[in-house]
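Asks: What follows is a predicted structure for the sequence shown.
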Amino acid sequence: MIIDSHCHFDMMPNPEVYIRQKEIMGDIVIGVTNLPSHFKMGYTQLNGFKHIRLALGLHPLLAAGNKNELLLFKHLIDKTSYIGEIGLDFSREGYATKDDQLAVLSEVLSAIRDKKKIVSVHSRKAEKELLALLCEYEIENVVFHWYSGPIGLIPAILEQGYYFSVNEAMCLSKNGRAIIEKIPRERVLTETDAPYNERTDIRVVLKQLNMTEQDVYNNFKRLLAGLK
Ligand SMILES: [Zn+2]
């Protein structure tokens, strides 16, 4: 079975068709959300699905304009074991809202710190700052999604026991492949980041990594064990 640990199916034109198809194939899909209100709209619709899960998120690029959603985040926190997409983005797109992002993320992390969750994080151009915050709040079971940061920081991320989710686009870029090379196979998960990302073939990722579906599933099971 294929594992997609970071997918925005709620942003697709027809999520229902997409997840039904994945369910029939037996794939596991974690749908991340960008705002708690999006999670609220979607999570009851997944009742009855065995392999499809919805994560509660508050995307860094939406954090500054949606601080009012923090309360909803806290209300919904026990509805799911999955948190994401959360994190920081200090790229050109996010730099102006840096302080708001840090304030919102700190609240999010303090809300989840004593809960058992699997957490998918966005770290673009803020990898070091994000890692420091995750450590400060002692967050476990973190998955760095589509990591594109410094290669030199990877050992520190691994040291915390964290994972990386890898997509096809990473396998097609030189920098992505250099990053993948530094990640031990037992810390890899697969993802699509669809529909934002267009290169979403997880079989290409498995081939690049020289891993089987079962290998990734074993990693995922180890991560799930952290929820207990
Ligand atoms: Zn994403």
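Replies: Sure thing, it's come through. Numbering: from 1, shown residues only.
Asks: quick one: which helix or strand includes the residue positioned nearest the centre of the chain?
Replies: Against the mean C-alpha coordinate of the chain, by Cα atoms, centre = their mean, the closest residue is residue 120 at 2.5 Å. Using DSSP states H and E, residue 120 falls within strand 118-122.
Asks: likewise residue 48?
Replies: Residue-wise, residue 48 maps onto no helix or strand under DSSP H and E.
Asks: what does the one 5 residues further on give?
Replies: Following DSSP H and E, one finds residue 53 within strand 52-54.
Asks: can I get the CA coordinates of the helix or strand just after that strand in PDB?
Replies: Note on strand 52-54: by DSSP H and E, the next helix or strand toward the C-terminus is helix 60-63. Presented in PDB, the C-alpha positions along helix 60-63 are these (Å, rounded to 0.1, in the frame of the first residue of the first chain):
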ATOM      1  CA  PRO A  60       2.200  29.600   8.200                       C
ATOM      2  CA  LEU A  61       1.400  31.800   5.200                       C
ATOM      3  CA  LEU A  62      -2.200  32.100   6.400                       C
ATOM      4  CA  ALA A  63      -1.300  32.500  10.100                       C
END
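Asks: what's helix 60-63 in contact with?
Replies: 34-35, 86-89, 93-94, 97, 100-101, 104-105, 122, 126 (Cβ atoms under 8 Å, 6 or more residues apart in numbering). Where C-beta positions appear, they are placed from N, C-alpha and C, glycine not excepted.
Asks: Just the buried ones from those?
Replies: If you count burial by 16 or more other Cβ atoms under 10 Å, the buried members of the contacts of helix 60-63 come out as 34-35, 86-89, 94, 97, 100-101, 104-105, 122, 126.
Asks: now, which of these lie close to the ion?
Replies: For the ion, no contacts are drawn from the buried ones among the contacts of helix 60-63 by Cβ under 5 Å from the ion.
Asks: how would you label the residue nearest to residue 78 when sequence neighbours are not counted: helix, strand or coil?
Replies: Leaving aside its sequence neighbours, residue 78 sits nearest to residue 115 (Cβ to Cβ, 6 or more residues apart in numbering; 7.7 Å). Under DSSP: H, G, I helix; E, B strand; the rest coil, residue 115 falls in the coil class.
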